[in-house]
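Student: Let's see this in three dimensions:
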Amino acid sequence: MRTAALTSVLFVAFGYAANSQQLTLLPHVGFENSRTTTSYNDLRSFAPLGGEFSPQAGVRLDYKFKQGFGPYLGISTSRSIVLFSFTDPENGMNIFNASPGNMQLRFEGGYQFSTNPVYFNKSKQQSVKSPSQKISAKKNCGEENAAKSSCCSKSYSASSSCCSENKSKARQTINKNKGNWIRLLPSIGVGFIPSVKTDVITKMQGGQTTYEYKAGNWNTALMTGVGFEFGRNKQRLFNVSVNYFNGIGNLNKQTITSVSGSKTTITHLESDASGWNVKVGIPFTLAQKNPVMKRAEYKTHRNEGRCGQYRIEYKTRCRIIQ
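Tutor: Residues are numbered from 1 along each chain as shown. Next up, the predicted model:
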């Protein structure tokens, strides 16, 4: 039931993200260091395997608004379970066997913020100016010249000058930020593992009862981290991220009751799991909504000057449609 609901949420989010301003697919590989601790009979916790390194692979889908933030969804591998087994409940803390558990799939979701790129080289700005901007302000569209013979040509040149000046206003300063850059991508979210099995298993081996406890068998975890996106000019090259997680769900205290002869032994087991990972990925932009420039709107009207001829005046309006 929970898996089906999560799958439905993923499909809805993917469909909504298709209309986003920027949709990015980020496959990644790396490694994860998980530390699982076990508390035996409410005594001091210890790590049966210490810090365990394991390879990690996954894929992530980012949806970014124009303000620089947006949600993300992803799937990656996880291996934080430690199989803690013993045969004598009274001495299980001292006599035990520990081994890493199987690899699991972890669903991830949360929110990510993207900063503006920071260039390693100083940005260079160059202004694009039309030659018509150098014309004196006294030479306007309605200005008449003293010589009647050149009235028509002056009016035409003046109108062309006005059109060029209007167009030049739409040409803003072009920032030519060339070279390599870096962008920070802090994020916060949750992790979910749907296939959680029984924490304590009792089985017979060689005519002896063996107890196996799945330490660090969490199903929900808090996650946070920061990514570093590197690029050149307008191209995004690769991402490097460092993330931390801490399990919070399905880590309740487990109780084992064993009977030997007329003696009953009660054993309490509890665990905690946390860790960090380093991942490297290459971003692929799937969809991006760019601003659209609407321009070159013009109309004609009759202007009865001294020559009695028609004149075309251009009115250029430029606006950005998001």
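
Student: Low-confidence stretches in the stretch 101-250 of the chain?
Tutor: Residue ranges of the stretch 101-250 of the chain with pLDDT under 70: 122-177.

Student: Which parts of it are helices?
Tutor: If you assign secondary structure with DSSP state H, counting those that start in this stretch, the helices in the stretch 101-250 of the chain sit at 151-170.

Student: Now do the same contact list for residue 274.
Tutor: Residue 274 makes contact with 34, 35, 244, 245, 246, 247 under the criterion Cβ atoms under 8 Å, 6 or more residues apart in numbering. To be clear about C-beta, it is placed using only N, CA and C from the backbone, and glycine gets the same treatment.

Student: Just give me the closest of these to residue 258.
Tutor: If you rank the contacts of residue 274 by distance to residue 258 using Cβ to Cβ, residue 247 comes first, at 27.1 Å.

Student: need the contact list for the spatially closest residue to that closest one that is not a sequence neighbour.
Tutor: Leaving aside its chain neighbours, residue 247 sits nearest to residue 218 (3.1 Å; criterion: Cβ to Cβ, 6 or more residues apart in numbering). By Cβ under 8 Å, 6+ apart, the contact set of residue 218 is 80, 193, 196, 247, 248, 249, 250, 251, 273.

Student: Among those residues, which one sits closest to residue 73?
Tutor: Looking at the contacts of residue 218 and their distance to residue 73, the nearest is residue 193, at 15.1 Å (Cβ to Cβ).

Student: Got a PyMOL select line for the buried ones in the contacts of residue 218?
Tutor: The following PyMOL command selects only the buried members of these, with burial defined by 16 or more other Cβ atoms under 10 Å:
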select buried, resi 80+193+196+247+248+249+251+273
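
Student: Contacts for stretch 111-119, please.
Tutor: Outside of stretch 111-119, the residues that reach it under the criterion Cβ under 8 Å, 6+ apart are 62, 64, 68-72, 177, 179-189, 227, 229, 231.

Student: which outside residues touch the host helix or strand of residue 74?
Tutor: Remark: residue 74 resides in strand 69-78, with elements defined by DSSP states H and E. Taking Cβ under 8 Å, 6+ apart as the criterion, the residues outside strand 69-78 that touch it are 10, 13-14, 17, 20, 26, 28, 32, 34, 54-64, 103-114, 187, 189, 191, 193.

Student: please redo it, this time with the cut-off set to 7 Å
Tutor: For strand 69-78, contacts defined as Cβ atoms under 7 Å, 6 or more residues apart in numbering pick out 10, 13, 56-64, 103-114, 187, 193.

Student: what about dumping the CA coordinates of the next helix or strand after that strand to PDB?
Tutor: Once the chain leaves strand 69-78, the next helix or strand it forms, by DSSP H and E, is strand 82-86. What follows is strand 82-86, C-alpha atoms only, in PDB (Å, rounded to 0.1, in the frame of the first residue of the first chain):
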ATOM      1  CA  VAL A  82      24.400  -5.100  10.100                       C
ATOM      2  CA  LEU A  83      23.500  -8.700  10.800                       C
ATOM      3  CA  PHE A  84      24.200  -9.300  14.500                       C
ATOM      4  CA  SER A  85      23.900 -12.900  15.500                       C
ATOM      5  CA  PHE A  86      24.600 -14.800  18.800                       C
END
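
Student: Quick one: the strands in the stretch 51-200 of the chain, in order.
Tutor: 51-64, 69-78, 82-86, 97-100, 104-113, 118-119, 124-126, 174-176, 180-192, 200-205 (DSSP state E, counting those that start in this stretch).

Student: Let me have these in TSV, adding mean neighbour count and distance to residue 39 as columns.
Tutor: Putting these into TSV (neighbours: other Cβ atoms under 10 Å; distance: least, Cβ to Cβ, whole Å) gives the following:
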stretch	mean neighbour count	distance to residue 39
strand 51-64	18	18
strand 69-78	19	22
strand 82-86	21	11
strand 97-100	15	14
strand 104-113	18	22
strand 118-119	14	45
strand 124-126	10	60
strand 174-176	10	58
strand 180-192	17	22
strand 200-205	11	14
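
Student: between those, which gets nearest to residue 44?
Tutor: In terms of Cβ to Cβ, the element of the strands of the stretch 51-200 of the chain nearest to residue 44 is strand 82-86, at 15.4 Å.

Student: Mind listing the strands the closest one pairs with, and their directions?
Tutor: Strand 82-86 has the following strand partners under DSSP bridges: strand 97-100 (antiparallel), strand 208-215 (antiparallel).

Student: between those strands, which gets nearest to residue 43?
Tutor: Nearest to residue 43, of all those, is strand 208-215, at 14.4 Å by Cβ to Cβ.

Student: by how many degrees do the closest one and strand 200-205 diverge?
Tutor: What separates the directions of strand 208-215 and strand 200-205 is an angle of 150 degrees, with axes from the mean of the first three to the mean of the last three Cα atoms, to 10 degrees.

Student: Please name whichever of the strands of the stretch 51-200 of the chain is nearest to residue 257.
Tutor: Once the strands of the stretch 51-200 of the chain are compared by Cβ to Cβ, strand 200-205 is nearest, at 10.3 Å.
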